[in-house]
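Asker: build me a structure from this.
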Amino acid sequence: MKVLGIFAALLALVLNPFRASLLAAAVAQPDSSPVVLRPAGVWTAEDSAVHRGWVVAVQANLIVSVGEKTSTSLPTSAKIIDLPGMTLLPGLMDIHSHLLLHPYNETLWDDQVLKEAPDYRVLRAGKQAEATLMAGFTTLRDLGTEGAGYADVSIKKAINDGLIPGLKTETMGHPFPLLPTPRHLERSDATRFLASYGSSL
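Answerer: Model (predicted):
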C-alpha cells in the first residue's frame, strides 16, 4: 500500500490538467468514500509492462488494491472514475529541489535571491509545490531556501494542514554553510539545530 497526499499526483500522463484537478478533489474526499480508478493502463514499477485492464482502488487516501478488475477486491458502493487514454503509475520523487528558486535559465541566482522579496518567493514556492504535484510527483526533498530562512518548513506545514495543494515534502531550511550560528557546527549538531526549526532532513 502506498500513502498518498493527493492521489491525482499518481497521473503519469496528464492529458488534461483540469480533469486531473477534478480527480484530486474526487479521490481525496474527507468522508473516506472508496474510489475505483479505471485508466487505460497501470504501470507498477515491478516490471516493464503497462498492464491494460487494471484498476486501482483507493480509500481514505490509501491504495487498497491494484490489479485486474476480475481478480481485484473492490469496495462495494465505490465511486467509479474512468480515465480513458491515461496511464497511472506510482508517484515520482524529486530528491534535489529548491521550491523557492527559479530555474537558472529563467532568472539568475543573484537576481532572485538578492532582488526578489522573500514574501514573493514564498508565494511563488506555494504555486511551484502545486505544479510539481500536478506533474506527477508525490514526494519532494527541498534542499534549502537560499536566503528565505525556514520558509520551506512553513510551506510544508501549509501543505500538511490542507491550506495549499502540494506534495509530501522533506525540508532543510538553511543549507549547512549558511546556518546563522556564532560557532562552527559539526554535521550532527547542525542536523539537530535545523530539526529544532522544523527541518526534516
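Asker: which helices and strands does the longest strand seen in the chain pack with?
Answerer: Secondary structure of the chain per DSSP state E: the longest strand is strand 79-88. If you count contacts as 3 or more C-beta pairs under 8 Å, 6 or more residues apart in numbering; DSSP states H and E, strand 79-88 packs onto helix 17-27, strand 35-42. In short, each C-beta sits where N, CA and C put it, glycine included.
Asker: if you set the cut-off to 10 Å instead, what comes out?
Answerer: On a contact count with 3 or more C-beta pairs under 10 Å, 6 or more residues apart in numbering; DSSP states H and E, strand 79-88 meets helix 17-27, strand 35-42, strand 51-52, strand 54-59.
Asker: now it: buried residues?
Answerer: 81, 83, 86-88 (16 or more other C-beta atoms under 10 Å).
Asker: max pairwise distance over those: which two?
Answerer: Ile81 and Thr87 (14.4 Å; C-beta to C-beta).
Asker: which of the helices and strands packed on strand 79-88 has the lowest mean pLDDT?
Answerer: When the helices and strands packed on strand 79-88 are compared on average pLDDT, helix 17-27 comes out lowest at a mean of 49.
Asker: in TSV, list the buried residues of strand 79-88 along with distance to Ser33 and pLDDT.
Answerer: Below are these laid out as TSV (distance: C-beta to C-beta, whole Å; pLDDT from 0 to 100):
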residue	distance to Ser33	pLDDT
Ile81	12	93
Leu83	18	94
Met86	21	92
Thr87	24	91
Leu88	19	91
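Asker: can I get the residues you listed in JSON lines with distance to Ala60?
Answerer: Below are the buried residues of strand 79-88 laid out as JSON lines (distance: C-beta to C-beta, whole Å):
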{"residue": "Ile81", "distance to Ala60": "16"}
{"residue": "Leu83", "distance to Ala60": "20"}
{"residue": "Met86", "distance to Ala60": "23"}
{"residue": "Thr87", "distance to Ala60": "24"}
{"residue": "Leu88", "distance to Ala60": "18"}
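Asker: what separates the residue minimising distance to the centre of the chain from Pro84, distance-wise?
Answerer: Closest to where the C-alpha atoms of the chain average out (C-alpha atoms, centre = their mean) is Leu167, at 2.2 Å. As judged by C-beta to C-beta, to the nearest Å, Leu167 and Pro84 stand 26 Å apart.
Asker: by mean pLDDT, flag the weakest helix or strand of the chain.
Answerer: helix 17-27 (a mean of 49; mean pLDDT, DSSP states H and E).
Asker: quick check: the closest residue to Thr169 other than its chain neighbours vs Thr87, distance?
Answerer: Closest residue to Thr169 apart from its sequence neighbours, by C-beta to C-beta, 6 or more residues apart in numbering: Lys156 at 4.5 Å. The spacing between Lys156 and Thr87, counted by C-beta to C-beta, is 29 Å.
Asker: ok, Ser97 next?
Answerer: 24 Å.
Asker: state which helix of the protein is the longest.
Answerer: helix 118-134 (DSSP state H).
Asker: so Ser97 bridges to which residues?
Answerer: Asp142 (DSSP bridges).
Asker: that one: what's it in contact with?
Answerer: For Ser97, the contacting residues are 128-129, 132, 137, 140-144, 152, 169-170, by C-beta atoms under 10 Å, 6 or more residues apart in numbering.
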